[in-house]
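Asker: would you be able to build a 3D model of this:
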Amino acid sequence: MWQRRLIWLLLIALTAGLLWSLLFSDHSYLVYRQEQRQLERLQRQIIELRRQRERLAREILRLRNDPDELERLIHQQLGYIHPDEYIILHPEDPYGR
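Answerer: Next comes the predicted model:
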């Protein structure tokens with residue numbers, strides 16, 4: 001009789017240990033799911049970065065092949081002005097109007 005109880009206690013302890021290991025160890029299911037979500041997030045980020053790289057590569061090619069587009073970009077982004085243009089500066093309204 002006591003041998004059966006001992007076997008049951010050992011089986012319960014073994015099962016509890018296995019469950020604990022399955023859920024809370026360094027290689028547990030919970031860690032696996034967390035790493036899986038991180039992997040999916042990083043894969044989405046890689047896809048987005050590749051799209052951005054492709055877009056920038058197209059823009060570089062367009063600027064290399066179209067001098068008018070390059071001039072427009074310099075004019076717009078860097079504030080370049082042509083010799084026949086004027087800059088008019090307006091003081092800021094102190095009342096925020």
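
Asker: what is the neighbour count of the nearest residue to Phe24 once chain neighbours are set aside?
Answerer: Nearest non-adjacent residue to Phe24, counting by CB to CB, 6 or more residues apart in numbering: Leu30, 7.2 Å away. The way it works is simple: take the backbone N, C-alpha and C, and place the C-beta from them, glycine included. Applying other CB atoms under 10 Å, we find 11 residues neighbouring Leu30.

Asker: how many other residues sit next to Ala13?
Answerer: For Ala13, using other CB under 10 Å, the count is 10.

Asker: host element of it?
Answerer: Assessed by DSSP states H and E, Ala13 sits inside helix 2-24.

Asker: which helices and strands does the helix or strand bottoming out on mean pLDDT in the chain pack with?
Answerer: The least trusted helix or strand in the chain, going by mean pLDDT, DSSP states H and E, turns out to be helix 2-24, with a mean of 82. Here helix 2-24 touches helix 29-65, going by 3 or more CB pairs under 8 Å, 6 or more residues apart in numbering; DSSP states H and E.
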